[in-house]
Structure formats: structure tokens, C-alpha cells
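Q: pasting the sequence and the predicted model now:
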Amino acid sequence: MNVVNNRVFLLGLDELYRRSMKRHERDELLNSARETANALSIVPANVPIEGYYSEDEQLTEYFRLMRALQQVPKGRESEVANVGGFRRLRQVTESLIFGPPCHGLFLLSAGEDALSVALKDTFPEWTVDNLTRKAHRCATESTDFSLVALAALTGDPVVLTALRESVVLYSLVPTLAESWGEPEYVWQVDEIIQKRATQFVESFNALFDEHLPLPGPENARFFWMDSSEYELVGRCVRIGFDDRNLPIRHYHWALDWDVKYGPIVNEFWDTEIWTTARYRQNRKRGNV
């Protein structure tokens, strides 16, 4: 019997999202970023490549261009107001699938999801437990249906870390050996998560003309098949920084195994930004 609980469902949704999002980032959104950067005479930022964006050259180029565009002052908006690529990037970055957009001093906004709110409210008391509890409270008391808010609603730091890493720029298929019959999939996802996840999926599908399956027992099989805790190990995401003194210290969460090979969250500070690629490389060398 394959039980689709909160963690299984959201890890499945996360993988479906990542797979689809990468296609758009390699093609449509990369072209939009190039067009916008060209109009502004902006060059790609020389920054650590976070999340899954180190997987290939197109994703890396998109990440570096977006990081550069995210630092452009809002005052230059008139230069790209009629640029189709910019309008598309703004539509994407302001989508509620990344959380309520925070319109600040820069050209492109960022999604202020439940974990972002929790980071603001608890600084500098940042621990996995504190932030997970606060993010859960923020998500519960809001109408946020972003990928990170869905993770926060579970109160599960493993899911929260994994999904936040997937949206860092804006968060083996297990089977049961059945010798006969169709495997059974039991849907045990909280109602509030299913309801908001439906909003997320519908918004994502409309934004990119995609067809992610809608959350519900009738599609439990799809989320089960795309959910795997074993592939999460090594995901690392910087979720905040302390700039009160120099050098600036960056706060990270990374997924690892405990002594019983269960997924856990490893929190750490460093004066450098750690990416998924760096964490996994150091993990292989036994340096984390």
C-alpha cells in the first residue's frame, strides 16, 4: 500500500514543478532574460550558482542573468517597459506561486513566502526548529499558496528545505513489490495543503501552459511516483544573512542523512554562500 501523505505529495509536486520549470528557464525565460539584459546593457552576475542552476550551461546563464537583473534599480523600468521579455519576467516573478511579491527598490520583485516572513520575524534567533514553527504559523494564518508555504504548512523541515531550494531564484521512484493487481495509493494530505496546492498548480499551469496534475486522491499515483527522499540529500539553500558586522555571515539549510539514514536538516553559518553543488561535493569528500 502506497500512502501519499503530506511529505510524499509535496516532494512529488516539487519534482514535477522542477522538471517543468527547467524547460521554461532553459528556453522561454532565458530568452526573456537575454532580451531584458541587452536592453539595459547588463552583463551576467559573477555569483555562486545556487539550487539546480549548476546542472547545465543554459540554467547557469539564466541564473546569472536573473541575479544581475534583480539588482537593477526600479528607476530604470522606463527603459524596458515596452520590452516583451521584461514583461514576461515580471509576470513570472510576481506570480503568487512564489509567494506575495515584495515590491522594493529593484526592477524585479521577489516572492515573500512564509519562510521569508519567518526569517524577518525571528532574526537573529535562527534555528531549524524556530523557523519551521514560525513559518508554519505564518502559512496557516495567511492565504499564501506558494511552493514554500505549502511546505511550511506541513511543519516538516525536510520538505521546507527541499522546496525552498527549488525556488532559490525566485524550492528513484520507490515502489512496493506487488506480484499482482494494481498498487493502492492512499491519500492522506491535509485539506488546507490540498486546497492551496490546487491554487498553486492551477496558477503554474496557466502561467506556463503546463499540465501538472491537480492535487487529490485521483492523482495520488503521480505524486507518489515522483516523490523520492533519497534524491534530496545534498540540497542546500541560503535562506538569510547577517550583515551587522563584516564579514557578512550567510545562514544555510542543507539536507542530509542521520545515523539511521533518515532525512534531516543541517543548519550552518558561513562567510561564503554554499550551493547545492558545493555542499554535495564537500559531502562526498567528508568535509560536511
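A: Perfect, thanks for sending it.

Q: which stretches of this structure form helices?
A: In the chain, the helices defined using DSSP state H lie at 6-26, 28-40, 57-69, 84-93, 114-122, 128-140, 147-154, 157-166, 191-208, 220-225, 276-284.

Q: of those helices, flag the one that's most buried.
A: Burial of these is given as mean neighbour count (mean count of other C-beta atoms under 10 Å); helix 147-154 ranks first at a mean of 30. Every C-beta, even on glycine, is put in place using the N, C-alpha and C of the backbone.

Q: need the residues that contact that one.
A: Applying C-beta atoms under 8 Å, 6 or more residues apart in numbering, the external contacts of helix 147-154 come out as 6-7, 10, 13-14, 17, 97-99, 111, 113-116, 118, 132, 135-136, 138-140, 142, 159-160, 162-164, 166-167, 171, 190, 192-193, 196-197, 200.

Q: what does stretch 99-108 give?
A: Stretch 99-108 is contacted from outside by 66, 69-74, 76-77, 80, 86, 89-90, 93-95, 109-114, 116, 144, 146, 148-149, using C-beta under 8 Å, 6+ apart.

Q: thinking again about what came up before, so for Lys260, which of the helices of the chain sits nearest?
A: Lys260 sits nearest to helix 157-166 of all these, at 13.9 Å, using C-beta to C-beta.

Q: and that closest one, what does it pack against?
A: Here helix 157-166 touches helix 6-26, helix 128-140, helix 147-154, strand 236-242, strand 249-257, strand 263-270, going by 3 or more C-beta pairs under 8 Å, 6 or more residues apart in numbering; DSSP states H and E.

Q: tell me the angle of the third one relative to helix 157-166?
A: Interaxial angle of helix 147-154 relative to helix 157-166 (axes from the mean of the first three to the mean of the last three C-alpha atoms, to 10 degrees): 180 degrees.

Q: just the CA atoms of helix 147-154, as CSV, please.
A: Extracted in CSV, the C-alpha atoms of helix 147-154 (Å, rounded to 0.1, in the frame of the first residue of the first chain):
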residue,chain,number,x,y,z
LEU,A,147,5.5,26.2,-3.0
VAL,A,148,7.4,27.2,0.2
ALA,A,149,4.1,28.0,2.0
LEU,A,150,2.8,24.5,1.1
ALA,A,151,6.0,23.1,2.7
ALA,A,152,5.6,25.3,5.7
LEU,A,153,2.1,24.1,6.3
THR,A,154,3.5,20.6,7.0
